[in-house]
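Visitor: take this sequence and fold it.
(chains A and B)
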Amino acid sequence: MTPERFFALFDTLAAGLSGDELLFAGLGAERSDFVRLNQNRVRQAGSVHSADLGLTLIDGARQVAGGCPLSGDADADLAQARALLTRLRERIVHVPDDPYLNISTEPARSERRLDATLPTPDEAIGTLTDLAEGLDLVGIWAAGDVMEGLASSIGHRHWHQSRSFNLDWSSYLGRDKAVKASWSGFDWQPEQLRHKLEQQRADLAVLGRPTRSIEPGRYRAYLAPAALAELMDLLAWGGFGLRDHRTQQTPLLKLATGEQQLSPQLTVVEEHKRGLAPGFTDEGFTKPDQVKLIEEGWYQDCLADARSAKEYEAAVNAAAEYPEALAIAPGDLATAEALHALDTGILIGNLWYCNWSDRNACRMTGMTRFGTFWVEHGEPVAPLAVMRFDDSLYHLLGDRLEGLTRERELLLSAETYDGRSTDSSLLPGALVSGIDLAL
Amino acid sequence: MSTATAVSPTPGADALRAIARRFADAAPACDYWTLRLVDETYEGLAVRDDVAEPSSIGASRGAMVTLVTDGGVGYAATADLSPAGLAAAAGQAATSAALHARLGLFDAKLFPRTSVRDSYETQVKQPWAQMTLADKLGLLGDACARLDLGERIVERAAWLGHRRVHQLLVSSDGAHLDQTLSYVHSGLAATAHIAGQTQTRTGGGHDRPGQGGLERLAGAGLLDDAERVATEAIALCEAPECPSGQMDLLLLPSQMTLQIHESIGHPLELDRILGDERNYAGLSFVTPDMFGTYRYGSSLLNVTFDPGVAGELASCAADDDGTPAKRVHLIRDGILERPLGGELSQRRARLAGVACARASGWDRPPIDRMANINLEPNEEALSDMIARVERGVLMDTNRSWSIDDSRNKFQFSCQLGRLIEDGELRGLVRNPGYRGVSARFWRSLDGVGGRETLEVRGVRNCGKGEPNQSVYVGHASPPCLFRDIDVFGGGL
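Guide: Numbers count the residues shown, from 1 in each chain, chains lettered A, B, ... in the order given. A predicted model of the protein is given here:
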């Protein structure tokens, strides 16, 4: 799908609008190659070409939404879209006025293209399996185009297209001993891949030492950026949304009311401008460059989508009420010094399956996974058997946060549930004086 | 940004058959092919705080072409169902098959072939269309209003949804598998806030999704359940914290669903055991040598793979590879018998499995999934199990789940707890949770409810696979009693 074809489809469709009808159309499309690997060999290889059209019909204060797949054939797609519009017209007379209907009435245009020269799956996987010879590598290669568009009868015309790759993998030493890495972006450089695999081989050498088991209790820890990302992903689930705050369901309620404070070292920002997601919302609003969520430990703004913004009389500053491009401001701890500062404790390379123990207390649980080591005198000395933590962010990012690293990692989401995700985060590592391990 | 993915006029069964015939007439030259056509529609309605959310209808339609050719297997998915579109997809699949032939994990000869000719259709007594949009919104409005018990309730919602999936699988070996699955789901949620404590309670069929039509609403209790839901949300805010310590645990079917799902269903998935999922969903503490001898739980533990339960979420005639599905025991009298693995995994592992190769849609290839995984009833009444508890907690309705990548160390929390002391139910406790280790937990099973206590439930968000796939999974269970479990409550 090209912007010209999408906008032409919309123009033809919108030409049939009557009376006070308004129409918004969104496009979500992808052309992706997926190659799944196990034991450094191809488990499943294939491709997906999809395109979905979403329509929102507005008449006065009423609105209805619907969608249909697009095949790529212009005539067939127009017929599909017209049939959908007819169904929406049939439905709209049966729905009540919507007091929270909120659309941008200012026509706006934008076009953003992130391009790349990608290798074919055959080239990429051939290079990977050669470089990873001897490793028990398991993971996925995902690459291709993701396209999102928006058009409205008010005059919005937005197009966002990115061509990228995302290689997400783990190398196993045995059972649950593994190190994880990812490499994604727009510039395929096999040398970078070689470097990452060499680092994994070095980490696997430490992982090969006898596993250390520890008792539940509180331990000093350094959380690598990927581990911190897991905590922030869970916090994103209701932590920053305006509706969650106004209905007092946010796990950060005690922070918002001033009952609890996070560390003054902690500043959290939604960086729309830096992110890879489209800069516009389904309703035609343009996202601000950034939204400051937490500043020096105190709660600042919420993420407000169009509907909540209308309900609670706020400005629209997000497409949805969860972060798509979260960043934590860097600290002053050099990453190279992090383990020295830890001295004795746990290096947590990654966390897994986090969920709430008690949202009211911002208390979460999850498991260590991938590259977690027992550290003595600043040196990883043994891999650690998987452990369950159960602790509050008011401690981990509050009174027990000793430092954040100067260097940050850009982590691009490998999620593909609803198509290839454009979410990303920019995070430092975190040194904490204690994390509670429960099992 | 996501678009409202979905519905347009469905092409109908005849149209899908015509597409399949055209593809077969011009089928690519290869060792074996399948074409899986999926046409899906859905609708979602909700009323929140007495305001109707924008109603939405959706559709998804496309095809998955799979080829076995020149020693490799490849797939390609496309929304272009024209002859040219499907031919292009076949070409893409052949390119992927060439990559697999060069660097494949297994011999393409292991790929399962099907010639099954069968059909399945959900029994629907009252079609979704039989009720008008206005009446559905009216019902939800009434339900939402009944949740309003005053200012302590800070958010109320009632919802209703429908999904219909029509899938036609044909193959070069003559398979013709036509399956239509229809679902109706509903739910209620009330959130209360009192003095810094926020609690949410759900009901109205929220965690009892299943196959069927609008007749399912009669059992969901969208209207009748509302007052209980809101009352319990308020009561939970004012209840004491669940006590912490080792004690007995009585899980209602609303929590057993997740307990079965996470610590029996996932560990038994054969692709995990084979290592396919190690980069994402994880592996399993279960190893191939355990089947036939390993004591998974007490002798009260009997678990089946059962695709034949009417109304359960994953009932079907065959899986998405075209393997006919039938009921078998996974665990019998506590002993592990067989894994959840489709034909391909079975051949790779040289283990007998079940027909469970499932795909989330036309744009994803089948992988080993749970379908209906049920814990079989015993003979005990719920009241008898309560009477056998000196000190413990009854827990109702899952609200949080977390388990390690080997599916062993877990921690779950529920919406509502109730103390049990000296054989009698006592007051509510809030934020109830428990942790354990799968390999030991099921051995502490000391009571299983009778058939009259069995409830058929399920989850609609089972995630797994690379690329990611989310599918519906059915679970039926009676209440179960576990001894000496690590129980805890909330707080900083």
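Visitor: what are the buried residues along the helix with the most length in chain B?
Guide: Criterion DSSP state H: the longest helix present in chain B is helix B:83-103. Under the neighbour-count criterion of 16 or more other CB atoms under 10 Å in any protein chain shown, helix B:83-103 has B:85-90, B:92-103 buried. Yep, even glycine has a C-beta here, placed from its N, CA and C like the rest.
Visitor: immediately after it, which helix or strand?
Guide: Heading C-terminal from helix B:83-103, the first helix or strand you meet, by DSSP states H and E, is strand B:117-121.
Visitor: just the C-alphas of that following strand, formatted as PDB.
Guide: C-alpha atoms of strand B:117-121 as PDB (Å, rounded to 0.1, in the frame of the first residue of the first chain):
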ATOM      1  CA  ARG B 117     -12.800 -34.400   5.200                       C
ATOM      2  CA  ASP B 118     -14.900 -33.100   8.100                       C
ATOM      3  CA  SER B 119     -16.800 -30.100   9.300                       C
ATOM      4  CA  TYR B 120     -17.600 -28.500  12.600                       C
ATOM      5  CA  GLU B 121     -20.000 -25.700  13.600                       C
END
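Visitor: list the helices and strands that strand packs on?
Guide: Other helices and strands packing on strand B:117-121, by 3 or more CB pairs under 8 Å, 6 or more residues apart in numbering or on different chains; DSSP states H and E, are strand B:176-194.
Visitor: and the strand it packs on, C-alpha only, in CSV?
Guide: C-alpha atoms of strand B:176-194 as CSV (Å, rounded to 0.1, in the frame of the first residue of the first chain):
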residue,chain,number,x,y,z
HIS,B,176,-11.5,-30.4,3.1
LEU,B,177,-11.9,-29.3,6.7
ASP,B,178,-14.7,-26.7,7.2
GLN,B,179,-15.0,-25.3,10.7
THR,B,180,-17.1,-22.4,12.0
LEU,B,181,-16.7,-21.3,15.6
SER,B,182,-19.0,-18.7,17.2
TYR,B,183,-18.4,-17.0,20.5
VAL,B,184,-20.4,-14.6,22.7
HIS,B,185,-18.8,-13.1,25.8
SER,B,186,-20.0,-10.6,28.3
GLY,B,187,-18.8,-9.0,31.5
LEU,B,188,-19.1,-6.5,34.3
ALA,B,189,-16.5,-4.6,36.3
ALA,B,190,-16.9,-2.4,39.3
THR,B,191,-14.0,-0.5,40.9
ALA,B,192,-14.3,0.9,44.3
HIS,B,193,-12.0,3.3,46.1
ILE,B,194,-12.1,3.9,49.9
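Visitor: okay, angle between that strand and strand B:117-121 too, please.
Guide: Here strand B:176-194 runs at an angle of 30 degrees relative to strand B:117-121 (axes from the mean of the first three to the mean of the last three CA atoms, to 10 degrees).
Visitor: and strand B:176-194, what does it pack against?
Guide: Applying 3+ CB pairs under 8 Å, 6+ apart, we find strand B:176-194 packed against helix B:12-25, strand B:117-121, strand B:153-171, strand B:197-203, strand B:210-211, helix B:217-220, helix B:226-238.
Visitor: leaving out chain neighbours, which residue sits closest to residue B:419?
Guide: Closest residue in space to residue B:419, ignoring its immediate chain neighbours: residue B:426 at 4.0 Å, by CB to CB, 6 or more residues apart in numbering or on different chains.
Visitor: and the strand or helix carrying the one you found, which strands flank it?
Guide: Per DSSP H and E, residue B:426 falls inside strand B:424-429. Sheet pairing here is set by DSSP bridges, and for strand B:424-429 it gives strand B:409-421 (antiparallel).
Visitor: return the distance of the partner strand from the chain's centre.
Guide: Computed by CA atoms, centre = their mean, to the nearest Å, the chain-centroid distance of strand B:409-421 equals 21 Å.
Visitor: intersect the buried residues of helix B:83-103 with the contacts of chain A.
Guide: When contact is defined as CB under 8 Å from any CB of the partner chain, the buried residues of helix B:83-103 meet chain A at B:85, B:89, B:92, B:93, B:95, B:96, B:97, B:98, B:99, B:100, B:102, B:103.
Visitor: ok, those vs chain A, which is closest?
Guide: residue B:96 (3.9 Å; CB to the nearest CB).
Visitor: tell me the residues of the stretch 201-350 of chain A that contact chain B?
Guide: A:247-249, A:253-254, A:257, A:259, A:277-278, A:280-282, A:319.
Visitor: mind running it again at 10 Å?
Guide: Those residues of the stretch 201-350 of chain A that sit near chain B, judged by CB under 10 Å from any CB of the partner chain, are A:234, A:243-244, A:246-251, A:253-254, A:257, A:259-260, A:277-282, A:307, A:311, A:319-320, A:324.
Visitor: got a ChimeraX select line for the buried ones in the residues you listed?
Guide: Only the buried entries of these go into this ChimeraX selection, using 16+ other CB under 10 Å:
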select /A:234,243,244,246,247,248,249,250,251,253,254,260,277,278,279,280,281,282,307,311,319,320,324
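Visitor: what distance separates the lowest-mean-pLDDT helix or strand in chain A from the middle of the whole chain?
Guide: In chain A, no helix or strand scores lower on mean pLDDT, DSSP states H and E than strand A:177-185, which sits at a mean of 92. Strand A:177-185 has its C-alpha centroid displaced from the chain centroid by 16 Å (CA atoms, centre = their mean).
Visitor: how far off strand A:177-185 does the next helix or strand after that strand point, in degrees?
Guide: Later in the chain than strand A:177-185, the nearest helix or strand by DSSP H and E is helix A:190-207. Per the same axes, to 10 degrees, the angle that helix A:190-207 makes with strand A:177-185 is 160 degrees.
Visitor: ok, residues contacting helix A:190-207?
Guide: A:119, A:123-124, A:127-128, A:130-137, A:167, A:169-174, A:177-183, A:185, A:189, A:347, A:349, A:370-373, A:379-383 (CB atoms under 10 Å, 6 or more residues apart in numbering or on different chains).
Visitor: now with 7 Å, please.
Guide: Helix A:190-207 is touched from outside by A:127-128, A:131-132, A:171, A:173, A:177, A:179, A:181, A:183, A:371, A:373, A:380, A:383, with contacts defined as CB atoms under 7 Å, 6 or more residues apart in numbering or on different chains.
Visitor: could you export that helix as PDB, CA atoms only?
Guide: This file holds the C-alpha atoms of helix A:190-207, laid out as PDB (Å, rounded to 0.1, in the frame of the first residue of the first chain):
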ATOM      1  CA  PRO A 190      27.200  -8.100   9.900                       C
ATOM      2  CA  GLU A 191      30.200  -6.800  11.900                       C
ATOM      3  CA  GLN A 192      27.800  -5.600  14.600                       C
ATOM      4  CA  LEU A 193      26.200  -8.900  14.700                       C
ATOM      5  CA  ARG A 194      29.600 -10.600  15.000                       C
ATOM      6  CA  HIS A 195      30.400  -8.400  17.900                       C
ATOM      7  CA  LYS A 196      27.200  -9.200  19.800                       C
ATOM      8  CA  LEU A 197      27.700 -12.900  19.300                       C
ATOM      9  CA  GLU A 198      31.300 -12.700  20.500                       C
ATOM     10  CA  GLN A 199      30.000 -10.900  23.700                       C
ATOM     11  CA  GLN A 200      27.500 -13.700  24.100                       C
ATOM     12  CA  ARG A 201      30.200 -16.400  23.800                       C
ATOM     13  CA  ALA A 202      32.100 -14.500  26.600                       C
ATOM     14  CA  ASP A 203      29.000 -14.400  28.800                       C
ATOM     15  CA  LEU A 204      28.300 -18.000  28.200                       C
ATOM     16  CA  ALA A 205      31.800 -18.900  29.500                       C
ATOM     17  CA  VAL A 206      30.800 -17.400  32.900                       C
ATOM     18  CA  LEU A 207      27.400 -19.000  32.600                       C
END
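Visitor: ok, back up a step: what pairs with the least confident helix or strand of chain A, parallel or antiparallel?
Guide: Strand A:177-185 pairs in its sheet with strand A:157-174 (antiparallel), by DSSP bridges.
Visitor: so, low pLDDT: which residues of chain B?
Guide: Within chain B, the ranges that satisfy pLDDT under 70 run B:1-11.
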